[in-house]
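> pasting the sequence and the predicted coordinates here, then a few questions.
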Amino acid sequence: FTEALEDLQTCLFSNPDIDTGKIMEIEPSQLELKLTMRTFDEINACYEVKAFETLAKVLMKEYSDTAAERAIILTAHACYLRSRLFSHKEELVWVVDGWNNFELANMLRRAGELDRASSLYNRSLNLFYDALGILHPLRASCFEGLGKVAVLRGYNYLDEAKELFREAHSMRVKYYGELHVCVAKSLECQASVSSQQGDFDEARSLLEESMELKRAVYNSEHLSIAKTLRLLAAVLIKIIEAHSTSKFENAKVFHRPPSHNKYPRGSFSINYRIIDRMQSNNMITSSMFDIDQIASKAEDCLRRAMTILDTSSKIEAPMNQALGETVQLLYRLLMQTDRIEEAKPLAEKWVEWLEKTKKIH
């Protein structure tokens, strides 16, 4: 375990996808015991906090219950070390306690333990209020976390999620002003909910606003811009798919998040309530149905995103998750517009990514 931890510290900032060796194999109960028995060393504790939290995020990508349990144990121990480090600084105790609750809530949310995550987010909200006041970006992050929990609870909670995301957005605008990347992030969270509800017009508008903000802050080759381009293209593809059949059967196919480990991550689901709402409220307006223009814009977004991801110096592996998802979307778009020959190489590239990341499809 010590050797694996040292390897992690050495490679922490240069290679986040390292082989974490023994830590991946040890039983969660034994891992917790080993962590508890370790001697606290203030000099190394700063590095260990970052190392444990980074390793926990790596473990969560395995998408298994055992890996999630290990990740939660590592995050909890990182929180313990952080509390020990700042225990002598009375003015920071509440901030550190709030941050610990927030970090653990994030991990529990990813593991599907939504009730515990929600409780810790609310506790963080109160702690940050006492320590930092009502208007602080850390409180906005808590509202955003609660919004993500609501999304994971299912379709009936999407309105609640949107209100929470709007609260986070309002708080960030008041704190940072309109021109800030955190404001753009809030817009993307709202767009995600609108898309799942079938309101693609609103989702598109929010993502375009987020894109303008990011372009004003970053250079045109920034990875964050590639992400927004991919999100915007996904919404445009859903508009095309919605128009392709009279019953809008594909319009609301959306990525279903894990819900208490009931469904495997990466599964897809049809939500017919979205069809009814789209048809009754005319959420897809006639002005949106210049399909060739929409398809052209979606393709342009994805090609630009792929260029950024391919050339980014921050990505060491030839295929990472963001690039794989971008390839998948472009493949879907080409198939939807009957460009099958152009789609074949992308299918091969997508399979290559799935094999390299050991994902089951």
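Structure received. Computed from a predicted model, the values in this text were never measured in an experiment.
> Ala131 contacts Trp94, correct?
Yes: Ala131 is in contact with Trp94 according to C-beta atoms under 8 Å; the separation is 3.9 Å. In this view, the C-beta of every residue, glycine as well, is placed from N, C-alpha and C.
> quick one: find the helix or strand in the chain with the lowest mean pLDDT.
Least confident helix or strand, the chain: strand 268-270 with a mean of 38, by mean pLDDT, DSSP states H and E.
> just the helices in the stretch 101-250 of the chain please.
When assigned using DSSP state H, counting those that start in this stretch, the helices of the stretch 101-250 of the chain occupy the ranges 114-132, 137-153, 158-176, 181-196, 200-217, 223-244.
> what helices or strands is the longest one leaning on?
Right, the one you point to is helix 223-244. On a contact count with 3 or more C-beta pairs under 8 Å, 6 or more residues apart in numbering; DSSP states H and E, helix 223-244 meets helix 181-196, helix 200-217, helix 291-311, helix 321-336.
> list the contacts of Met98.
Check again: residue 98 is Gly, not Met. For Gly98, the contact set (C-beta atoms under 8 Å, 6 or more residues apart in numbering) comprises 123-124, 127-128, 131, 138.
> mind checking how far it is from Ser83?
Distance, Gly98 to Ser83, by C-beta to C-beta, to the nearest Å: 11 Å.
> give me the common contacts of those two.
Counting by C-beta under 8 Å, 6+ apart, nothing touches both Gly98 and Ser83.
> now do the closest residue to Leu187 other than its chain neighbours, the pLDDT please.
Spatial nearest neighbour of Leu187, chain neighbours left out: Ser210 (4.2 Å); criterion: C-beta to C-beta, 6 or more residues apart in numbering. Looking at Ser210, its pLDDT is 95.
> how near is Ser210 to Thr307?
Counting by C-beta to C-beta, the separation of Ser210 from Thr307 is 19 Å.
> okay if I get the helices of the stretch 101-250 of the chain as CSV plus distance to Ala51?
Formatted as CSV, these follow (distance: least, C-beta to C-beta, whole Å):
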stretch, distance to Ala51
helix 114-132, 22
helix 137-153, 22
helix 158-176, 29
helix 181-196, 26
helix 200-217, 30
helix 223-244, 23
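> mind telling me which of the ones you listed the model trusts least?
Of all the helices of the stretch 101-250 of the chain, the minimum mean pLDDT falls on helix 223-244 (a mean of 90).
> distance from the chain centre to that helix, please.
Chain-centre distance of helix 223-244: 16 Å, with C-alpha atoms, centre = their mean, to the nearest Å.
> and the residue nearest to Leu187, how many neighbours does it have?
26 (other C-beta atoms under 10 Å).
> and the one 3 residues further on, by the same measure?
One way to gauge burial is a neighbour count; for Leu213, by other C-beta under 10 Å, it gives 19.
> next one: Phe52
24.
> surely it touches Leu74?
Yes: contact criterion C-beta under 8 Å: Phe52 and Leu74 qualify, at 4.4 Å.
> just checking, what packs against the helix or strand containing Leu81?
Here Leu81 sits within helix 65-85, counting by DSSP states H and E. Under the contact definition 3+ C-beta pairs under 8 Å, 6+ apart, helix 65-85 sits against helix 22-25, helix 28-37, helix 42-60, helix 93-110.
> for the third one, name the packing helices and strands.
Going back to what we said before, that points to helix 42-60. Judged by 3+ C-beta pairs under 8 Å, 6+ apart, helix 42-60 is in contact with helix 2-11, helix 65-85, helix 93-110.
> could you list the low-pLDDT ranges of the stretch 251-361 of the chain?
For the stretch 251-361 of the chain, residues meeting the criterion pLDDT under 70 lie at 251-289, 312-320, 356-361.
> again, but for the stretch 1-150 of the chain
For the stretch 1-150 of the chain (pLDDT under 70), the answer is 1-27, 29-41, 43, 63.
> separation between the residue nearest to Leu187 and Arg172?
Relative to Arg172, and taking C-beta to C-beta, Ser210 is found at 12 Å.
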